[in-house]
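**Student:** Give me a 3D structure for the following:
(one chain, ligands or ions: 2)
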Amino acid sequence: MSEAKIHFFPSEPLVALLGNPNCGKTALFNLLTGSRQKVANYSGVTVERKEGRLTLESQKVIRILDLPGAYSLYPRSLDERVTCNVLHGNAQGEKRPDLVLCVLNAMNLRRNLRLVLSAKRLGLPCLVVLNMVDVAKRQGLAVDAKALSQELGLPVIATVGIQSDGADQLKQYLSQLDWKNLSALCASNVDEGVETSTDHTAHTESDNVQVHHILQNLDLDQIIPDRLSDRLDSVLLHPVFGPVILAAVLFFIFQAVFTWATLPMEAIEVGVDWLGALFTQMLPNNWLRSLLVDGILAGAGGVLIFLPQILILYFFILILEESGYLPRAAYLLDRLMGRVGLSGRSFIPLLSSFACAIPGIMATRSISNARDRLVTILIAPMMTCSARLPVYALLISAFIPERKLWAGLDLQGLVLFLLYVAGIAGAMAVAWILKHFTSEKFQLNALMMELPSYHLPRLSNLAIGLWQRAEIFLRRVGGIILIMTVCLWALSSFPLPPENATGSPIQYSIAGMMGQALAVVFEPIGFNWQISIALVPGMAAREVVVSSLATVYALSNSGVDAADALLPLITKGWSLATALSLLAWFVFAPQCLSTIAAVKRETGGWKIPVIMLSYLFVLAYLAAFITYRVASHFGLA
Ligand SMILES: Nc1nc2c(ncn2[C@@H]2O[C@H](COP(=O)(O)OP(=O)(O)OP(=O)(O)O)[C@@H](O)[C@H]2O)c(=O)[nH]1
Ligand SMILES: [Mg+2]
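**Tutor:** Ligands and ions are numbered 1, 2, ... in the order given. Just a heads-up that it's a prediction; the model follows:
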């Protein structure tokens with residue numbers, strides 16, 4: 001029996017944004033649709049299609065698709081394939097676009113125009129959008145849009161993706177378009193002989209010749225050097241200064257995460273304490289008060305305190321992304337990564353994983369080599385995601401003294417930096433081991449990566465980026481973290497202890513019993529039953545470990561003010577060996593459930609997520625075991 005699928009597409013016209021990576025498609029998409037998709041100054045930011053809507057002056061609504069950047073319509077990586085599938089009408093659940101907006105970076109017409117010529121051959125109506133005309137103007141490059149339009153046989157509209165009115169002319173053009181009859185925008189001067197050729201090298205050669213002619217006719221054949229970027233690169237990409245500056249930048253970031261966050265963190269802590277005291281005073285001593293104070297405030301409130309540190313980390317990541325420094329860092333690390341069998345291409349996905357492993361794993365779509373991509377996915381979870389920051393920060397605050405070393409260096413910041421380095425070193429070691437399992441024939445591809453011009457990060461972009469991060473974090477605190485905390489509170493509070501009980505009530509609860517059972521597994525690495533309990537809900541989200549510890553300890557110690565009691569309790573109650581062992585565990589700890597789901601989605605099956613989960617568990621256990629034993633040996637127990 002044959003089965004046919006019928007798709008019902010929305011009736012509105014579909015407009016797709018096509019262009020080389022980093023030419024400003026997403027910036028324009030945001031301007032047209034009012035969306036807030038991620039814009040950054042490197043290639044491969046967008047890796048999946050995103051849809052938005054634009055209401056034209058005529059009140060007509062059109063759908064707009066932002067697509068991953070592509071160098072050609074012969075895909076070499078997964079993100080380019082997404083774009084090609086859409087343009088050929090092969091994308092699942094999506095019709096073929098009614099109109100293609102070919103976005104050009106005015107500063108790099110030579111390469112950008114080749115894609116326009118390929119797009120023309122698709123037979124779809126095309127409109128050329130000449131973006132970044134502000135930069136071109138600044139650099140003294142005058143592109144004559146009318147002449148370009150004549151050369152291409154298509155309308156050309158100038159835009160500036162970073163100005164709020166930068167796409168107004170484009171919107172106006174779209175408003176006046178006859179959407180029922182777009183055939184006028186189909187290419188008229190396609191060379192029929194070449195069009196029917198199936199050999200794409202023939203296209204490439206003829207396109208090169210045609211682009212050369214167009215640029216000559218427009219008097220744009222000369223290369224305009226970007227002097228500022230070149231001068232900066234002579235220092236930042238210097239074989240000696242370059243790596244030193246990169247290390248210093250990363251080191252400074254981790255110092256700042258600790259030192260800059262102190263004041264705002266204290267302010268949030270005071271607020272949470274005040275609320276806790278208020279509830280304790282106002283409510284009778286019953287289960288509701290316990291839920292509010294020991295559960296919600298101690299747990300979710302305890303995680304909220306880490307918001308400033310997370311925002312400071314993101315602030316720096318956003319600056320690195322916007323400035324154009326990221327691909328340079330990838331270039332600097334290419335040789336180093338080559339030693340472990342990876343290319344510099346993997347650097348950006350790995351760096352994104354410092355924020356969260358999920359966007360990092362998604363970003364591997366831009367890696368064209370399938371083996372490189374898989375290894376990068378497997379090691380991405382070892383990069384310290386921002387959800388692990390609260391766990392590190394809590395343990396560092398509890399066990400590492402707040403001391404200044406030489407030159408004002410903060411000891412706690414240094415330890416944090418070392419933990420990040422431990423994650424990176426672990427990841428590189430795993431990549432190196434995997435290199436030896438790869439067939440002899442495997443050859444590293446040379447790094448081909450575009451270095452964009454440096455930009456000063458725009459304050460508005462930074463503010464929006466930070467706000468989005470704060471929103472995501474607050475939603476996690478109010479959502480999954482709160483839910484897990486309340487569940488754990490319930491499991492830790494019931495059943496009630498028997499009348500003649502001698503220990504604290506939590507020991508008789510479901511969670512208490514589970515913790516004691518789990519402690520058998522974790523005792524060899526120095527974890528007590530409270531930690532063992534906290535690790536389980538911690539699989540839902542990393543920060544939950546902190547909220548769970550807070551709740552478990554609050555319930556184990558009646559009579560102590562819960563919300564602020566965790567820190568002194570663990571300082572007193574745990575040995576340094578246990579704390580170090582827990583830190584070592586978290587450097588490698590198997591990832592949260594959403595990361596595992598993302599790996600399954602991206603690799604199309606359970607095999608890789610199961611491998612990842614198993615090897616990370618073994619690694620985390622081994623690292624914690626060795627740390628605990630060595631620390632105990634040196635008398636830190
Ligand atoms: N000066 C200037 N910068 C722009 C303009 N349009 C975009 N940008 C900047 O160019 C960089 C790239 O913009 P994106 O919109 O992320 O580029 P993209 O084409 O979506 O890139 P991919 O998703 O990687 O394919 C960002 O730093 C933007 O702020 C423009 O017209 N003028
Ligand atoms: Mg984009």
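
**Student:** any low-confidence regions in the stretch 251-400 of the chain?
**Tutor:** Judged against pLDDT under 70, the stretch 251-400 of the chain has no low-scoring part.

**Student:** Please name every helix or strand in contact with the host helix or strand of Ala277.
**Tutor:** According to DSSP states H and E, Ala277 maps onto helix 262-282. With contacts defined as 3 or more Cβ pairs under 8 Å, 6 or more residues apart in numbering; DSSP states H and E, helix 262-282 has these neighbours: helix 302-304, helix 307-323. Quick note: C-beta positions are derived from backbone N, CA and C, even for glycine.

**Student:** buried sites along it?
**Tutor:** Met265, Glu269, Val272, Asp273, Leu275, Gly276, Phe279, Thr280 (16 or more other Cβ atoms under 10 Å).

**Student:** which is the next helix or strand following that helix?
**Tutor:** Using DSSP H and E, the first helix or strand after helix 262-282 is helix 287-289.

**Student:** burial measure for the residue of the stretch 451-600 of the chain found nearest ligand 2, as a count.
**Tutor:** Using Cβ to the ion, the closest approach of the stretch 451-600 of the chain to ligand 2 is made by Pro452 at 12.6 Å. Counted with other Cβ atoms under 10 Å, residues neighbouring Pro452 total 24.

**Student:** go on, Arg388?
**Tutor:** For Arg388, using other Cβ under 10 Å, the count is 23.

**Student:** you'd agree it is up against Arg542?
**Tutor:** Yes - using Cβ atoms under 8 Å, Arg388 is in contact with Arg542, at 5.0 Å.

**Student:** Run through the residues that contact Leu414.
**Tutor:** Phe254, Gln255, Leu405 (Cβ atoms under 8 Å, 6 or more residues apart in numbering).

**Student:** And Tyr331, which helix or strand is it part of?
**Tutor:** Once you assign secondary structure using DSSP H and E, Tyr331 falls within helix 325-339.

**Student:** and for stretch 237-256, what are the contacting residues?
**Tutor:** By Cβ under 8 Å, 6+ apart, stretch 237-256 touches 235-236, 312-313, 316, 320, 325, 328-329, 331-333, 409-410, 413-414, 416-417, 420.

**Student:** can you give me the angle the helix holding Ala277 makes with helix 307-323?
**Tutor:** 150 degrees (axes from the mean of the first three to the mean of the last three Cα atoms, to 10 degrees).

**Student:** which of the buried residues of helix 262-282 lies closest to ligand 2?
**Tutor:** The closest of the buried residues of helix 262-282 to ligand 2 turns out to be Met265 (Cβ to the ion; 34.2 Å).

**Student:** roughly how far apart are that closest one and Tyr420?
**Tutor:** As for Met265, its distance to Tyr420 is 19 Å (criterion: Cβ to Cβ, to the nearest Å).

**Student:** got it, and Glu602?
**Tutor:** 24 Å.

**Student:** of all the residues in the chain, which ones are close to ligand 2?
**Tutor:** Contact residues (Cβ under 5 Å from the ion) of the chain with ligand 2: Thr26, Val45, Thr46.

**Student:** run the last query once more with 8 Å
**Tutor:** Proximity of the chain to ligand 2, by Cβ under 8 Å from the ion, involves residues 21-22, 25-27, 29, 37-39, 45-46, 66, 68-69.

**Student:** So among these, which ones count as buried?
**Tutor:** With burial judged by 16+ other Cβ under 10 Å, the buried subset of the residues of the chain next to ligand 2 is 21-22, 25-27, 29, 38-39, 45-46, 66, 68-69.

**Student:** For the host helix or strand of Glu471, the averaged confidence score.
**Tutor:** Under the criterion of DSSP H and E, Glu471 resides in helix 459-476. Averaging pLDDT along helix 459-476 yields 89.

**Student:** Let's test this: mean pLDDT of the helix or strand following that helix, rounded?
**Tutor:** As assigned by DSSP H and E, the chain's next helix or strand after helix 459-476 is helix 482-493. Average pLDDT, helix 482-493: 85.

**Student:** can you map out the helices along the stretch 451-600 of the chain?
**Tutor:** All helices of the stretch 451-600 of the chain, identified by DSSP state H, counting those that start in this stretch, fall at 459-476, 482-493, 510-522, 529-535, 544-556, 566-573, 576-588, 593-603.

**Student:** Which neighbouring elements make contact with the shortest one?
**Tutor:** I take that to be helix 529-535. Using 3+ Cβ pairs under 8 Å, 6+ apart, helix 529-535 sits against helix 510-522, helix 544-556.

**Student:** Residues touching that helix, excluding its own?
**Tutor:** By Cβ under 8 Å, 6+ apart, helix 529-535 touches 488, 492, 511-512, 514-516, 518-519, 521-522, 527, 544-545, 548-549, 552-553, 556, 578, 582.

**Student:** Buried members of the residues you listed into ChimeraX, please.
**Tutor:** Selection of buried members from the contacts of helix 529-535 for ChimeraX, criterion 16+ other Cβ under 10 Å:
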select :488,492,511,512,514,515,518,519,522,527,544,545,548,549,552,553,556,578,582
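
**Student:** The helix holding Glu471: how far from the chain's middle?
**Tutor:** 13 Å (Cα atoms, centre = their mean, to the nearest Å).

**Student:** before we move on, back to that, quickly list what's touching both of Arg388 and Arg542.
**Tutor:** Counting by Cβ under 8 Å, 6+ apart, the residues touching both Arg388 and Arg542 are Phe586.

**Student:** Could you list the contact residues of the stretch 51-200 of the chain toward ligand 1?
**Tutor:** Pro68, Gly69, Asn131, Met132, Asp134, Val135, Val160, Gly161, Ile162 (Cβ under 6 Å from any ligand atom).

**Student:** can you tell me which two in the residues you listed are farthest apart?
**Tutor:** Spatial extent of those (Cβ to Cβ) is set by the pair Pro68 and Asp134 at 24.2 Å.

**Student:** average pLDDT for the helix or strand encompassing Thr83?
**Tutor:** Secondary structure from DSSP H and E places Thr83 in helix 78-87. On average, the pLDDT along helix 78-87 is 94.

**Student:** Could you name the helices and strands sitting against the helix or strand following that helix?
**Tutor:** Per DSSP H and E, helix 78-87 leads on to strand 99-105 as the next helix or strand towards the C-terminus. Counting contacts by 3+ Cβ pairs under 8 Å, 6+ apart, strand 99-105 is packed against strand 14-19, helix 25-33, helix 109-121, strand 126-131.

**Student:** Now with 10 Å, please.
**Tutor:** strand 14-19, helix 25-33, strand 61-66, helix 109-121, strand 126-131, helix 133-138, strand 156-158, helix 168-176 (3 or more Cβ pairs under 10 Å, 6 or more residues apart in numbering; DSSP states H and E).

**Student:** re the thing from before, how much does the helix holding Ala277 deviate in direction from helix 544-556?
**Tutor:** Using the same axes, to 10 degrees: helix 262-282 against helix 544-556 is 40 degrees.

**Student:** Go ahead and name everything in contact with helix 262-282.
**Tutor:** 258, 288-289, 291-294, 296-298, 300-302, 304-309, 311-312, 393, 397, 402, 410, 412, 554, 561-565, 567 (Cβ atoms under 10 Å, 6 or more residues apart in numbering).

**Student:** So among those residues, which ones count as buried?
**Tutor:** 258, 291-294, 296-298, 300-302, 304-309, 311-312, 393, 397, 410, 412, 554, 562-565.

**Student:** Can you pull out the low-pLDDT segments for the stretch 451-600 of the chain?
**Tutor:** Checking the stretch 451-600 of the chain against pLDDT under 70 turns up 557-565.

**Student:** Would you map the helices across the stretch 301-450 of the chain?
**Tutor:** 302-304, 307-323, 325-339, 347-355, 357-363, 370-379, 389-399, 411-435.

**Student:** Ramachandran angles for the closest residue in space to Ser43 that isn't next to it in sequence?
**Tutor:** Nearest-residue entry for Ser43: Pro21, 3.4 Å, with adjacent residues in sequence omitted and distances by Cβ to Cβ, 6 or more residues apart in numbering. Dihedral pair for Pro21: phi -60, psi 150, per degrees, to the nearest 10.

**Student:** Let me know whether Pro21 touches Pro452 as I believe.
**Tutor:** Yes - contact criterion Cβ atoms under 10 Å: Pro21 and Pro452 qualify, at 9.2 Å.
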